[in-house]
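Novice: Fold the following and give me the result.
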Amino acid sequence: MKWRFPFLYLALLLTFGILAFRLFNLTVLEGSHNRQLADEQRVRLHKISAPRGMIFDQNSQPLVRNIPIFKECPSGWDETQEKSQCKTITREEALKLEVQGKDAQLLVEIGREYLQKEAMAHLLGYLGEVTADEIAKPKCPEKTYQLGDLVGRTGIEEQYECFLRGVDGAELIEVDTHGLTLRKIGRREPVAGQDIFLSVDASLQQAAYEALKMTKGYPEGVARGAVVASDPKTGQILALVSGPSYEPNLMARADAEEAGKVEEIFQDPGKPFFNRATSGSYPPGSTFKIVTSAAALEEGKITAETKIEDPGQIVIGQYRFANWYFTSSGKTEGSINLVRAIARSTDTFFYKVGELVGATKLVSWGKAFGLGRPSGIDLPGEISGFLPDPTTTDWFLGNTYHLSIGQGSLGVTPLQLNMVASVIASGGELCQPHVAQQTTRLSARQADNKQQSNCQDLKLKPETLKLITEGMKGACSPGGTAGVLFNFNPPVACKTGTAEFNDPKGRTHAWLTAFAPADNPEIVVTALVEAGGEGSSVAAPIVKRVLEEYFR
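Specialist: Next comes the predicted model:
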């Protein structure tokens, strides 16, 4: 029998041969691998987000709340893919996905709600999405991160990320070809993060923020400034506020429709994200006279009996160094001692005292009081401030005069100035400030009894502490400079400050630092208002409001 179409039959035989070989290759040679691929298409790993540790104040009042964030992911999406493919949905939409058996498309993450909003924003921070660099070099090597995960940004959230972040769980889900859940094969439970208790009092924090909002001269918003309150004996931070602030819940959501509002915050000229309490550096003005006084007494340059005549102004060549009282009214203070000079904040007295001590010693004592270096507080972003170098060739007597009253080339943070006053209030101890107390269910006050505070004894003479305290008590008594705090109960010791800076409008920073009760201090409060004016009339009411809340 003859083949009519030999080439056609040859082609058919060749085709069947190729198909047979391909079938053999898929089922026998590559069968195991292909079965694994098929299984992987049916079984998916589904992450279970771990709850983040809670944050409480010293009275065990919660400052945050964990909230679920529901996201719908494309069919076939798994944990190895970017979360940017998933869109945020409502709880109702998430329940609908579960009812439809589309559990594999539902991603539930744990977000944050900040209960005191703007008042706690700089202290607590917020959550933001992790970056590729942070995944490559994680802050917490023992924890795993994926793109889209939420991590702490600024404040306690960032500082204690490794404590607060838990360990995610997972479950294996078997799905059909349409991505619908058939069954759940296995599950590993998530491990929640550790809770943290702060030394901060939530009511005091709120009072400090509200006081900053009501500051004279800022009728349309929160003043640019800061308030710090602490326990002088331990360094515990009781309140730490910066203004203006921002809405941390807006940052935590970061939904597409909120993007415009977030951008407005970033563009705000008031710099709401800037923590002025720990990262702002300002000339301290007359509040630095606390350091000048301590330096003069400890170096033996003056005593309780030393008196200096106030001439109203000191003229050196073409330069005039005046006292504020003489400038405002043309009057002088007469012959006064240190206690009276602190109470009246007499510049001419401290010019002469600064000259006796010398700039080098003034700077040295500034360092002893914690200036010119970070305090070591457990918050990110703290700066060191700066002290001048009197050994330079362009240092003159006028520079020493300026330094002695807290002007010129020096800058302190509100936190640092609060530490300066705390040294006097604590009986000469420089305590490292701290915010977090415990990661167990002990209140901050209970925890403090179990911890030894990190304090350094500066070994100041009792006479030094006594005289400076008397002078600060005088500043808050009739005849002193802080009229708002006259007759406050309990009695207050304080120091006002009105600091000049390079401002074309001639404005000044307003300062006041105080402790109370004056004879047995429990709390130190420091307030700064940028370009606010007089410390006695602008910063003092803020401190008064915080003290009222504390002793209420």
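Novice: how about residue 508, phi and psi?
Specialist: When read as degrees, to the nearest 10, the backbone of residue 508 gives phi -130, psi 150.
Novice: Now it. Nearest residue, chain neighbours left out?
Specialist: Take residue 508 and drop its neighbours on the chain: the residue closest to it by Cβ to Cβ, 6 or more residues apart in numbering is residue 498, 4.9 Å away. Glycine gets a C-beta too; all of them are placed from N, C-alpha and C.
Novice: Pretty sure residue 90 sits against residue 71.
Specialist: No: judged on Cβ atoms under 8 Å, residue 90 makes no contact with residue 71 at a distance of 10.9 Å.
Novice: For my notes, confirm residue 510 occurs in a strand.
Specialist: Yes: looking at residue 510 with DSSP: H, G, I helix; E, B strand; the rest coil, it is inside a strand.
Novice: where does the stretch 351-500 of the chain dip in pLDDT?
Specialist: Residues of the stretch 351-500 of the chain meeting the criterion pLDDT under 70: 438-453.
Novice: Doesn't residue 468 lie inside a helix?
Specialist: Yes: according to three-state DSSP, residue 468 belongs to a helix.
Novice: And it, how far from residue 487?
Specialist: Noted for residue 468: a distance of 22 Å to residue 487, by Cβ to Cβ, to the nearest Å.
Novice: out of those two, which sits in the more crowded spot?
Specialist: Neighbours per residue (other Cβ atoms under 10 Å) separate residue 468 from residue 487, with residue 468 holding more: 25 against 10.
Novice: more crowded one of residue 90 and residue 71?
Specialist: residue 71 (18 against 9).
Novice: does the more buried one sit in a helix, a strand or a coil?
Specialist: strand.
Novice: What separation do you get for it and residue 113?
Specialist: Applying Cβ to Cβ, the value for residue 71 to residue 113 is 17 Å.
Novice: And residue 187, by the same measure?
Specialist: Using Cβ to Cβ, residue 187 is found at 27 Å from residue 113.
Novice: Repeat that for residue 52.
Specialist: As judged by Cβ to Cβ, residue 52 and residue 113 stand 11 Å apart.
Novice: Quick check: next helix or strand after the helix or strand of the chain with the lowest mean pLDDT?
Specialist: Ranking every helix and strand in the chain by mean pLDDT, DSSP states H and E puts helix 444-450 at the bottom, with a mean of 46. Next along the chain after helix 444-450, taking DSSP states H and E as the criterion, comes strand 455-457.
Novice: Are there helices or strands packed against that following strand, and which ones?
Specialist: strand 429-431 (3 or more Cβ pairs under 8 Å, 6 or more residues apart in numbering; DSSP states H and E).
Novice: Return the distance of the strand it packs on from the chain's centre.
Specialist: When distances are taken as Cα atoms, centre = their mean, to the nearest Å, strand 429-431 is centred 21 Å away from the chain's centroid.
Novice: who touches it?
Specialist: For strand 429-431, the external contacting residues (Cβ atoms under 8 Å, 6 or more residues apart in numbering) are 232-235, 368-370, 419, 422-423, 453-458.
Novice: which of the residues you listed sit farthest apart?
Specialist: 234 and 368 (19.7 Å; Cβ to Cβ).
Novice: Comparing these two, which shows the higher neighbour count?
Specialist: Neighbour tally, residue 234 and residue 368, criterion other Cβ under 10 Å: the higher count belongs to residue 234, 23 against 18.
Novice: does that one sit in a helix, a strand or a coil?
Specialist: Under three-state DSSP, residue 234 comes out as coil.
Novice: Also residue 158?
Specialist: helix.
Novice: Surely it is in contact with residue 124?
Specialist: No: between residue 158 and residue 124 there is no contact under Cβ under 8 Å: 9.7 Å.
Novice: Who has more neighbours out of these two?
Specialist: residue 124 (25 against 20).
Novice: Got phi/psi on the more buried one?
Specialist: Backbone torsions of residue 124, given as degrees, to the nearest 10, read phi -90, psi -30.
Novice: now residue 132
Specialist: With angles defined as degrees, to the nearest 10, residue 132 sits at phi -60, psi -40.
Novice: right, and it touches residue 147 too?
Specialist: Yes: between residue 132 and residue 147 there is a contact at 6.9 Å, judged by Cβ under 8 Å.
Novice: Neighbour count: the two, which is higher?
Specialist: Legend: neighbour count by other Cβ under 10 Å for residue 132 and residue 147, higher for residue 147 (14 against 8).
Novice: List the residues that contact the residue nearest to residue 508.
Specialist: 285, 286, 324, 508, 509, 510, 511, 533, 534, 535, 536.
Novice: Which of the helices or strands spans it?
Specialist: strand 493-500.
Novice: Run a quick neighbour tally on residue 527.
Specialist: Residue 527: 34 neighbours (other Cβ under 10 Å).
Novice: Secondary structure element for residue 343, which one?
Specialist: helix 338-344.
Novice: Buried residues, the next helix or strand after that helix. List them.
Specialist: Downstream of helix 338-344, the first helix or strand assigned by DSSP H and E is helix 347-357. Residues of helix 347-357 classed as buried: 347, 348, 349, 350, 351, 352, 353, 354, 356, 357 (neighbour count, 16 or more other Cβ atoms under 10 Å).
Novice: From the chain's centroid, how far away is helix 347-357?
Specialist: 36 Å.
Novice: likewise stretch 91-106?
Specialist: For stretch 91-106, the distance to the chain centre is 39 Å (Cα atoms, centre = their mean).
Novice: where do the helices sit along the stretch 51-200 of the chain?
Specialist: 91-99, 121-124, 132-136, 155-159, 161-164 (DSSP state H, counting those that start in this stretch).
Novice: The first one packs against which elements?
Specialist: Just to be clear, that refers to helix 91-99. By 3+ Cβ pairs under 8 Å, 6+ apart, helix 91-99 packs against strand 64-72, strand 106-114.
Novice: Please name the strands paired to the first one in the sheet, noting orientation.
Specialist: If I follow you right, that is strand 64-72. Sheet pairing of strand 64-72 (DSSP bridges) gives strand 87-89 (antiparallel), strand 106-114 (antiparallel).
Novice: For residue 116, see how far away residue 123 is.
Specialist: 9 Å.
Novice: Between these two, which contacts overlap?
Specialist: Counting by Cβ under 8 Å, 6+ apart, the residues touching both residue 123 and residue 116 are residue 205.
Novice: who has more neighbours, these two?
Specialist: residue 123 (27 against 19).
Novice: Would you confirm that that one contacts residue 156?
Specialist: Yes: counting by Cβ under 8 Å, residue 123 touches residue 156, with 6.6 Å between them.
Novice: what does the domain assignment say about the chain?
Specialist: The chain breaks down by automatic domain parsing into domains covering 43-198, 202-265+282-551.
Novice: Out of those, which is closest to residue 274?
Specialist: domain 202-265+282-551 (7.1 Å).
Novice: Figure out how far the closest one is from the centre of its chain.
Specialist: Put simply, domain 202-265+282-551 sits 19 Å off its chain's centre (Cα atoms, centre = their mean).
Novice: Number the chain from 13, please
Specialist: Got it, the first residue is 13 from now on, which makes the last one we talked about domain 214-277+294-563.
Novice: Ends of it, what's the gap?
Specialist: Domain 214-277+294-563 stretches 14 Å from its first residue to its last (Cα to Cα, to the nearest Å).
Novice: Next, the residue nearest to residue 502 when sequence neighbours are not counted: phi, psi?
Specialist: Distances taken as Cβ to Cβ, 6+ apart place residue 529 nearest to residue 502, at 3.8 Å, with adjacent residues excluded. Residue 529 has phi and psi values of phi -60, psi 150 when expressed as degrees, to the nearest 10.
Novice: and stretch 87-106, which residues are buried?
Specialist: 89, 95, 98, 100, 101, 106.
Novice: now the residues you listed as CSV including pLDDT and distance to residue 187?
Specialist: Converted to CSV, those look like this (pLDDT from 0 to 100; distance: Cβ to Cβ, whole Å):
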residue, pLDDT, distance to residue 187
89, 70, 11
95, 70, 19
98, 82, 17
100, 84, 23
101, 88, 19
106, 88, 17
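Novice: bridging residues for residue 448?
Specialist: residue 210.
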